[in-house]
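Novice: below is the sequence, then the predicted model.
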Amino acid sequence: MEVRGPREPIQEMLKKESGVLQVHSMPLEADVTSFEVEIGNRVELRENLGRKVIERGWNLRRLDLRRQKLEDLYMNVVLRSGAAAR
C-alpha cells in the first residue's frame, strides 16, 4: 500500500485494524510512504483499509495483494528453527 500523508498516524491506524499482524513502512518521497501490512490467514482487508485511508483524507496511491511464496515460507521455518537451536 502506498499512501500520501503523515507516516506515523497512518501506520498506527493500520496496526489497530483487527486482523493485522504487523505493519512495516518505507518512505518513498517527502510525504509518500509504502506500507507492507501482514495479515492473518484468509483475512481480506484491502477494501476496508483503503476506505479508512481515504476517509481520513489521505491519498491512496497503490494497493496490492502479495502472497508469500513457498520458498519464503520454507526459509522462515528454517531460520526460526536454526535460531531456536542456538
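Specialist: Received it, and whenever you're ready, just let me know what you need.
Novice: E38: which element?
Specialist: Taking DSSP states H and E as the definition, E38 sits inside strand 32-39.
Novice: show the average pLDDT along the following helix or strand past that strand.
Specialist: Scanning forward in sequence from strand 32-39 by DSSP H and E, the next helix or strand is helix 46-55. Across helix 46-55, pLDDT averages out at 95.
Novice: and the angle for helix 46-55 with strand 32-39?
Specialist: Put simply, helix 46-55 runs at 150 degrees to strand 32-39, going by axes from the mean of the first three to the mean of the last three Cα atoms, to 10 degrees.
Novice: quick one: contacts of helix 46-55?
Specialist: For helix 46-55, the surrounding residues in contact (Cβ atoms under 8 Å, 6 or more residues apart in numbering) are 1, 3, 5, 10, 13-14, 17, 37, 60, 63, 65. Where you see a C-beta, it was placed from the backbone N, CA and C, and this is true even at glycine.
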